[in-house]
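Student: give the three-dimensional model of this entry:
(one chain, ligands or ions: 1)
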Amino acid sequence: MTDTIDATADRALKAKHRAMWALGDYPSVARDLIPELGRVLVAATGVGPGDRVLDVAAGSGNAAVPAALTGAEVVASDLTPELFPAGRAFAAREGAEVTWEEGDAEALPYPDASFDVVLSCVGVMFAPHHRQAADELVRVCRPGGRIGLVSWTPEGFVGEMFRTMKPYAPPPPPGAQPPPLWGDERHVRDLLGDRVTDVVARRQTVTVGGYPSPEAWRDSWKTVYGPTIATYRNVGDDPERVAALDHDLAALAARYDRGTDGIVLDWEYLLLTARRA
Ligand SMILES: C[S@@+](CC[C@H](N)C(=O)[O-])C[C@H]1O[C@@H](n2cnc3c(N)ncnc32)[C@H](O)[C@@H]1O
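Tutor: All right, here's what the predicted structure looks like:
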């Protein structure tokens with residue numbers, strides 16, 4: 001009985017997450033702000049011709065498409081198939097062949113050891129149950145295969161953005177862990193445990209710009225990024241709370257801004273690679 005209730009609650013939670021990531025225009029974030037991350041991850045994991053690659057929580061293919069361009073055979077898996085048309089268009093523009101499949105990172109629809117390389121670019125970090133998701137990454141990777149992850153760090157801009165939004169967001173469901181914990185090397189080492197070897201982790205930044213002011217970034221961000229749109233909706237009935245969230249997000253961007261002609265923000269992430277034992 002408990003299992004049934006848990007399974008039903010989990011389906012409802014995942015449906016909510018899917019609807020959230022389909023809000024706004026996530027593919028424009030991947031395309032315009034962080035395209036570098038997919039390429040960095042593909043290079044760090046040494047993806048190449050003949051590799052069978054799974055991109056977990058692939059979105060519109062930020063890592064899947066550059067992986068396919070190396071000559072690898074790539075499956076892009078995501079909870080939110082609403083993002084796939086943009087991914088297909090991206091792949092077509094680049095001349096890459098990618099297979100797009102709906103799937104939950106916590107219950108990947110693949111047999112054990114079916115991939116040479118398992119990647120996730122700021123993706124698996126958003127699955128709510130970290131151990132379950134980590135177990136799945138390890139399970140579908142063949143012994144000797146590679147796992148590569150890019151995750152926003154808790155201390156970096158995106159980690160701070162989630163902390164800034166928290167007082168305005170709906171309370172997280174019981175048992176859900178905060179996404180930026182995946183940006184903490186110790187947490188990921190603990191999740192993967194002795195099932196991997198050769199762990200290499202480093203903190204890097206991706207530079208985001210192209211907006212004349214912190215307020216311009218915020219006004220764009222609140223129309224494109226699902227979690228931010230959902231946070232605004234949560235306080236939508238209260239103009240004072242909306243104004244306070246507006247203020248806090250612009251203040252966050254202003255604090256990080258090192259630009260002189262338009263904003264320049266460094267967003268920190270953890271790049272972690274490992275070999276499946
Ligand atoms: C920030 S986007 C990253 C997408 C892509 N990897 C990129 O680099 O642009 C996070 C992605 O995680 C996906 N996601 C969230 N929860 C998931 C889950 N439980 N299983 C699979 N994908 C999930 C979302 O649908 C979304 O595409």
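
Student: does whichever residue of the chain sits closest to the ligand count as helix, strand or coil?
Tutor: Closest residue of the chain to the ligand, Cβ to the nearest ligand atom: residue 59 (2.6 Å). Quick note: C-beta positions are derived from backbone N, CA and C, even for glycine. Look at residue 59: counting by DSSP: H, G, I helix; E, B strand; the rest coil, its state is coil.

Student: how many neighbours does it have?
Tutor: Look at residue 59: counted by other Cβ atoms under 10 Å, it has 27 neighbours.

Student: same thing with the one 3 residues further on?
Tutor: Residue crowding around residue 62 was assessed by other Cβ under 10 Å; the count is 31.

Student: who's in contact with it?
Tutor: By Cβ atoms under 8 Å, 6 or more residues apart in numbering, the contact set of residue 62 is 30, 34, 35, 37, 38, 121.

Student: what sits against the closest residue to residue 77 other than its chain neighbours?
Tutor: Spatial nearest neighbour of residue 77, excluding adjacent residues (Cβ to Cβ, 6 or more residues apart in numbering): residue 103 at 4.1 Å. When contacts are counted by Cβ under 8 Å, 6+ apart, residue 103 touches 56, 77, 78, 79, 109, 110.

Student: the ligand next: which of the contacts of residue 62 are close?
Tutor: The overlap between the contacts of residue 62 and the neighbours of the ligand (Cβ under 6 Å from any ligand atom) comes to 30, 37, 38, 121.

Student: I'd like to know how far residue 69 sits from residue 49.
Tutor: Taking Cβ to Cβ, to the nearest Å as the measure, residue 69 falls 11 Å from residue 49.

Student: higher neighbour count, those two?
Tutor: residue 69 (18 against 8).

Student: I'd like to know how far the nearest residue to that one once chain neighbours are set aside sits from residue 89.
Tutor: Spatial nearest neighbour of residue 69, excluding adjacent residues (Cβ to Cβ, 6+ apart): residue 96 at 5.1 Å. Applying Cβ to Cβ, the value for residue 96 to residue 89 is 11 Å.

Student: okay, these two: which has more neighbours?
Tutor: residue 96 (19 against 14).
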